[in-house]
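Visitor: structure, please.
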Amino acid sequence: MDVALILLAISPIFWLFIGYEFFKYRENYKLKDSAANTVLALLHQGTDAIALAILMPWFYVLYEYRLWDVEVSFATMFVAFVLQDFLYYWFHRASHNIHWMWAAHVAHHSSTHMNYSTAFRQSLMYPIAGMWVFWTPMIVIGYDPKVVFAVVALNLAFQFFVHTKIVGKLGLIEKLFNTPSHHRVHHAINGKYIDRNYAGVLIIWDKLFGTYVEEDEQVPCEFGIVGQLNSDNPIKISFHQWIHLFKQTKRATSWRARYKALFGYPTSSEQKH
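Guide: Model prediction:
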């Protein structure tokens with residue numbers, strides 16, 4: 001099934017959750033912020049569709065060199081979901097620690113609000129940043145590219161539901177799955193929370209690799225990026241970090257400094273999350 005069709009089929013559920021949260025917890029929303037989120041979602045879907053159309057022939061060339069023929073079954077799909085979630089953890093972690101990738105991902109973090117519409121706040125620059133590279137191991141193993149990107153879409157759809165302040169801690173579910181509490185930590189700019197909880201669906205990766213932090217009721221989450229952008233302009237949200245990255249690279253006086261500007265730990269145009 002096409003990635004765009006999966007997200008389109010699920011989208012009425014997303015809007016129902018947004019509508020409920022907006023009318024019940026109006027204080028968590030700012031209209032200009034949510035409008036920007038919606039525009040960014042449309043731009044993201046558009047560039048993703050173009051990127052997939054361009055890259056899918058190459059993915060099938062890669063698929064010709066697969067290690068195994070993976071047939072679709074309950075067992076192989078279960079493995080696909082777990083494997084893709086593992087790869088998503090490393091994509092997400094890289095997006096916070098490599099400037100080139102943060103330049104795209106920063107758009108998602110730039111809102112000072114945390115509500116279901118924040119999940120829509122995505123970057124149109126993910127194909128340039130190289131998000132798709134992280135899914136290629138599944139193709140090499142033997143999963144059909146269409147299956148791989150369907151699993152990616154379902155993983156991202158799950159993540160919509162962790163973008164909210166209205167759901168508290170969820171008991172035993174917190175042990176295994178990413179939850180709103182875990183993801184509030186991820187979006188927070190408090191010192192103890194920055195660069196933590198990269199999970200997509202399963203929080204176990206953060207616990208295994210030392211990036212897990214529990215939400216502390218004594219330290220309320222503050223959202224956004226360090227050196228807040230303070231803009232609802234989708235163009236500025238999408239490109240401010242890229243402009244900063246290239247300016248920083250241009251100012252560099254050695255190849256080592258240029259490499260660090262492009263691929264080192266990010267700074268931001270105002271400072272860094």
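
Visitor: send me the helix or strand hosting Ser11 as CSV with only the CA atoms.
Guide: When elements are assigned from DSSP states H and E, Ser11 belongs to helix 3-24. Taking Å, rounded to 0.1, in the frame of the first residue of the first chain, the C-alpha atoms of helix 3-24 are listed here in CSV:
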residue,chain,number,x,y,z
VAL,A,3,2.7,5.5,2.1
ALA,A,4,0.6,8.6,1.2
LEU,A,5,-2.6,6.5,1.0
ILE,A,6,-1.9,5.0,4.5
LEU,A,7,-1.6,8.4,6.1
LEU,A,8,-4.5,9.7,4.1
ALA,A,9,-6.7,6.8,5.3
ILE,A,10,-5.8,7.4,9.0
SER,A,11,-5.9,11.3,8.8
PRO,A,12,-9.6,11.6,9.9
ILE,A,13,-8.7,10.0,13.2
PHE,A,14,-5.9,12.5,13.6
TRP,A,15,-8.3,15.4,13.0
LEU,A,16,-10.8,14.0,15.5
PHE,A,17,-8.1,13.9,18.2
ILE,A,18,-7.0,17.4,17.3
GLY,A,19,-10.6,18.7,17.4
TYR,A,20,-11.3,17.1,20.8
GLU,A,21,-8.1,18.5,22.3
PHE,A,22,-8.6,22.0,20.8
PHE,A,23,-12.1,22.4,22.1
LYS,A,24,-11.4,20.8,25.5
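
Visitor: chain center to the helix or strand following that helix, what's the gap?
Guide: Sequence-wise, the next helix or strand downstream of helix 3-24 (DSSP H and E) is helix 31-63. Distance, stretch centre to chain centre, for helix 31-63: 13 Å (Cα atoms, centre = their mean, to the nearest Å).

Visitor: grab the nearest non-local neighbour of Tyr88.
Guide: Excluding the flanking residues, the one nearest Tyr88 by Cβ to Cβ, 6 or more residues apart in numbering is Gly200, at 4.0 Å. Bear in mind the C-beta positions are built from the backbone N, C-alpha and C, glycine included.

Visitor: actually Ser110, not the one I wrote
Guide: Going by Cβ to Cβ, 6+ apart, Ser110 has Leu229 as its nearest residue, at 4.7 Å.

Visitor: separation between the residue nearest to Tyr88 and Leu262?
Guide: 26 Å (Cβ to Cβ, to the nearest Å).

Visitor: now swap in Met138 and tell me
Guide: Taking Cβ to Cβ, one finds Met138 at 27 Å from Leu262.

Visitor: neighbour-wise, which of the two wins?
Guide: In this view Met138 and Leu262 are compared by other Cβ atoms under 10 Å, and Met138 has more residues nearby, 23 against 16.

Visitor: would you confirm that that one belongs to a helix?
Guide: Yes. Assessed with DSSP: H, G, I helix; E, B strand; the rest coil, Met138 lies in a helix.

Visitor: does it really touch Ala80, like I thought?
Guide: Yes. In this structure, Met138 is within contact of Ala80 by Cβ atoms under 8 Å, at 6.8 Å.

Visitor: okay then, goodbye and thanks.
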